[in-house]
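Undergrad: turn this into a structure:
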Amino acid sequence: MIIRALDDLGRVVIPKEMRRILAINAGDEIAISLVDGKVVFEKYTSVCFICNSEHDVQLHNKAHLCGDCRDRLAPPMVYSFPIKTVTQRIVKTIKITQYFLELALQPSPEVFYQI
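TA: Numbering: from 1, shown residues only. Have a look, this model is predicted:
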């Protein structure tokens, strides 16, 4: 048993040997719980929110997800065009549509001669 004192902010140092055994490094998350009146410290291992896998878990849009679930939830490809290109394409489409409408509305020579 190792005895440590709390500092003014309620912090306690976990002995280096215990951190080594538990593979706890600086910056790792520690789960703190109360069990039968005792404070229990455990290394926190995040699991995938969807499949409970512990492999390659990362925070993704506020949820812990493994690599496989992140790949399955990947957003579809979004194509981005500069506004000038989009405007040019719209104008070209309108001109082509107007051209074909004018052709369609012109009387054909056969119809003209039948009158």
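Undergrad: which secondary structure elements does the helix or strand encompassing V86 contact?
TA: Here V86, judged by DSSP states H and E, is contained in helix 83-105. Packing partners of helix 83-105 (3 or more CB pairs under 8 Å, 6 or more residues apart in numbering; DSSP states H and E): none among the helices and strands. From N, CA and C alone the C-beta is placed, and that goes for glycine too.
Undergrad: could you pull up the mean pLDDT of that helix?
TA: In this model, helix 83-105 has a mean pLDDT of 82.
Undergrad: export it as CSV, just CAs?
TA: What follows is helix 83-105 as a C-alpha-only set of coordinates in CSV (Å, rounded to 0.1, in the frame of the first residue of the first chain):
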residue,chain,number,x,y,z
ILE,A,83,-19.7,30.1,-58.8
LYS,A,84,-18.4,31.4,-62.1
THR,A,85,-18.2,27.9,-63.5
VAL,A,86,-21.8,27.1,-62.3
THR,A,87,-23.1,30.4,-63.7
GLN,A,88,-21.4,29.7,-67.1
ARG,A,89,-22.9,26.2,-67.3
ILE,A,90,-26.4,27.6,-66.4
VAL,A,91,-26.2,30.3,-69.1
LYS,A,92,-25.0,27.8,-71.7
THR,A,93,-27.8,25.4,-70.8
ILE,A,94,-30.4,28.2,-71.2
LYS,A,95,-28.9,29.2,-74.6
ILE,A,96,-29.1,25.6,-75.8
THR,A,97,-32.6,25.3,-74.6
GLN,A,98,-33.7,28.5,-76.3
TYR,A,99,-32.0,27.4,-79.6
PHE,A,100,-34.0,24.1,-79.6
LEU,A,101,-37.2,25.8,-78.7
GLU,A,102,-36.8,28.2,-81.6
LEU,A,103,-36.1,25.3,-83.9
ALA,A,104,-39.2,23.5,-82.7
LEU,A,105,-41.4,26.5,-83.1
